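Peer 1: Predicted model and sequence follow; I will ask about them next.
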Number of protein chains: 2
Amino acid sequence: MRLPHRTVQTPVFMPVGTLGTVKAVPQDVLETLGAEIILGNTYHLYLRPGHEAVRRMGGLHKFISWPRAMLTDSGGFQVFSLSQLRKVSDEGVRFRSHLDGSSHFFTPEHSMDVQIALGADIAMAFDECTEYPADRNRAEESLRLTMAWARRSLDHFRAHRDEVVWRDNLGVPQVPRTWGPGNESPAQSLFGIVQGGTYNDLRRESAERLVEMDFDGYAIGGLSVGEPRELTMETIAEVLPLLPADKPRYLMGVGYPDEIEQYARMGVDMMDCVLPTRAARHGLLFTSEGRINIKGKRYAEDQSPPDPACNCMVCRRYSRAYLRHLMHSGEALSATLNTIHNLAYYLGIMERVRKSLQTGG
Amino acid sequence: MRLPHRTVQTPVFMPVGTLGTVKAVPQDVLETLGAEIILGNTYHLYLRPGHEAVRRMGGLHKFISWPRAMLTDSGGFQVFSLSQLRKVSDEGVRFRSHLDGSSHFFTPEHSMDVQIALGADIAMAFDECTEYPADRNRAEESLRLTMAWARRSLDHFRAHRDEVVWRDNLGVPQVPRTWGPGNESPAQSLFGIVQGGTYNDLRRESAERLVEMDFDGYAIGGLSVGEPRELTMETIAEVLPLLPADKPRYLMGVGYPDEIEQYARMGVDMMDCVLPTRAARHGLLFTSEGRINIKGKRYAEDQSPPDPACNCMVCRRYSRAYLRHLMHSGEALSATLNTIHNLAYYLGIMERVRKSLQTGG
């Protein structure tokens, strides 16, 4: 996947960097771990430090000193899950900030403006994430909104994509330009988001209408929101064949290690999830021996590495006993080391899947 | 200064790693920064994870995976500053843990046992840190206790120093043995602590009696506890000439950047202070342009590095605006990056002083 700031090998797992930082992990460590693309959350960055401030400082890549690829979500999901007193109309969503209660109005056009100001390599269409369970009427109404917003997102994005601050100069000196003669138009991409709840016909309708609009890539949204795993699988299997194989296919907000492997093998190109990073901060480590809760007293004098089969910088150097001590003592280093290992584990899964797919395995 | 785990260039600044971690900074970053020796706090490590647990796991170096030199304080200072309901007798100090209120009794002998179990390269005699201001009677009584405890610390330490867990095997594979034929006895060192408040004759008496006991090194304690700077200077100038120049001279718990430079030039070999690390977590950065509080709104769009004259990994990569955003957003990376810079600044001062002393500057 050729993006302005990076040619990304797929399938890829994207660590979540909500506020312009993958929580507790310095950027150089993310590079060492092999992270090729990270997420930023439009809702959060719009509130702090503000998209106009980020644009004035040269865009998100430059602001956070991340030379590789980035993706911003549309802000929609956070508006629905975090903000207060939201009121949805055809025009957009009025909501109150979860930080200070101030009032804001997001439309598809505004989401595009914010995302162009942030300047990630990939922006996402403004959508309404359908909750689970949702009855047929609710899912139809939600899909109607998401399709109308997708059209408006795309039109506004096409009219303004060239305003991205790094259009003529990536701004991050470390970045080698991955385009040149014959590929003179590095620009942001916009992905559409397939919704439709757990109704296969709505999912199909959503996918087909988005493909007609001709986005740069397609995401499957509204999954991993509480539905049973078989339903997730079924929906992915239903939608994937409808999306063009020559454009990236992104499954949003998923999932556990076995899930990301499974979905990658089904043909998903991109996934993101807060699970490895958030769980790490609560002491939950993903290992080749299963999940372990490093807070447990049983690890108090366990001198083996967090994951004996892992070769990450944490497993090479530190013991379970030390990680347990850091967590138990409330030390900041705990979140850093736990997160580094979990990300190494997730990125390692994707690397194995890539190799296996290359060799036809 | 030749220590079992490292030959340390002096004068040296020692970052404080209270609970077996220099807060928010991974060990490999400390190595990159050039930290040659770090502190551990006996009081804290005794409570969590416990000195016997640390010994069973091969000592503090191995437990925290720090191959370079370490020093543990005696626990005395924290007992007096952190614990509750303490009761001092000639025998020792009874106190309640600041964590769970449990009752503990520390004697000089017990402090030695704990420090031998932890196994730092340098242990400190158990002392009573005289507060400021202290009247003559109080300072005399405190000194009497500290001198009696110094004798008991030394006797007990000499009888048991060979019990350190790494006596025959340093246990940290990365550590090159800095001794060999002709220097067959790697062992912990014990430093005595000069007290005496702000009374020059008491300070002299303290220094002379400790030198008679023949410690491996000498510390000046009870300074930077609220007294005016001239009094600190005067006391250091009074005490230093009384301490043997061929043994390390350690000024405890000091200080601001200009202070550590000044005292190093006066002949102090070792200093430690929580200031660069603790201030960092509150957003205070030490720079060649003076102190800056990175929380300030004036830095919201300041794209210059934290310290334009600094070449540390933080100043090379990140802007003041980004550090301000991290702090403002309560992000964990804030403490990490701020601390890395402040330590680089402190370690850089000492490196410059060492070079200048070598060239007679």
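Peer 2: Perfect, I can see it now. Residues are numbered from 1 along each chain as shown, chains lettered A, B, ... in the order given.

Peer 1: what's the spacing between the residue of chain A positioned farthest from its centre and chain B?
Peer 2: In chain A, the residue that sits farthest from the middle, by Cα atoms, centre = their mean, is A:Glu301; the gap is 36.6 Å. According to Cβ to the nearest Cβ, to the nearest Å, A:Glu301 and chain B sit 6 Å apart. C-beta coordinates here come from the backbone N, C-alpha and C atoms, glycine included.

Peer 1: Just list the residues touching that residue, thanks.
Peer 2: A:321, B:53, B:56-57 (Cβ atoms under 8 Å, 6 or more residues apart in numbering or on different chains).

Peer 1: cool, A:Cys310 as well?
Peer 2: A:287-288, A:341, A:344-345, A:348.

Peer 1: And it, how far from B:His328?
Peer 2: As defined by Cβ to Cβ, to the nearest Å, A:Cys310 lies at a distance of 35 Å from B:His328.

Peer 1: before we move on, what about A:Arg56?
Peer 2: The gap separating A:Arg56 from B:His328 is 17 Å, by Cβ to Cβ.

Peer 1: When these two are compared, which one has more neighbours?
Peer 2: B:His328 (19 against 16; other Cβ atoms under 10 Å in any protein chain shown).

Peer 1: thinking the more buried one is in contact with A:Arg48, fair?
Peer 2: Yes. Judged on Cβ atoms under 8 Å, B:His328 makes contact with A:Arg48 at a distance of 6.6 Å.

Peer 1: shared neighbours of the two, which are they?
Peer 2: By Cβ under 8 Å, 6+ apart, no residue touches both B:His328 and A:Arg48.

Peer 1: Which stretches in the stretch 151-300 of chain A count as strands?
Peer 2: A:189-194, A:217-220, A:249-251, A:270-272, A:284-287, A:290-293 (DSSP state E, counting those that start in this stretch).

Peer 1: can you redo these as a markdown table with distance to chain B and mean pLDDT?
Peer 2: Listed next are the strands of the stretch 151-300 of chain A as a markdown table, based on distance: least, Cβ to the nearest Cβ, whole Å; pLDDT from 0 to 100:
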| stretch | distance to chain B | mean pLDDT |
| --- | --- | --- |
| strand A:189-194 | 25 | 98 |
| strand A:217-220 | 26 | 98 |
| strand A:249-251 | 26 | 98 |
| strand A:270-272 | 19 | 98 |
| strand A:284-287 | 17 | 98 |
| strand A:290-293 | 17 | 98 |
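
Peer 1: Spatially nearest residue to the most centrally placed residue in chain A, not counting backbone neighbours?
Peer 2: In chain A, the centroid-proximal residue (Cα atoms, centre = their mean) is A:Asp272; its distance is 4.0 Å. Computed as Cβ to Cβ, 6 or more residues apart in numbering or on different chains, the closest residue to A:Asp272 that is not its neighbour in sequence is A:Met14, at 4.2 Å.

Peer 1: if I read this right, that neighbour contacts A:Asp269, doesn't it?
Peer 2: No. Between A:Met14 and A:Asp269 there is no contact under Cβ under 8 Å: 10.7 Å.

Peer 1: Alongside chain B, which residues does chain A contribute?
Peer 2: In this structure, chain A approaches chain B at residues A:19-21, A:23-28, A:48-49, A:53, A:56-58, A:63-65, A:300-301, A:303, A:313, A:317-319, A:321-322, A:325-326, A:328-329, A:331-333, A:335-337, judged by Cβ under 8 Å from any Cβ of the partner chain.
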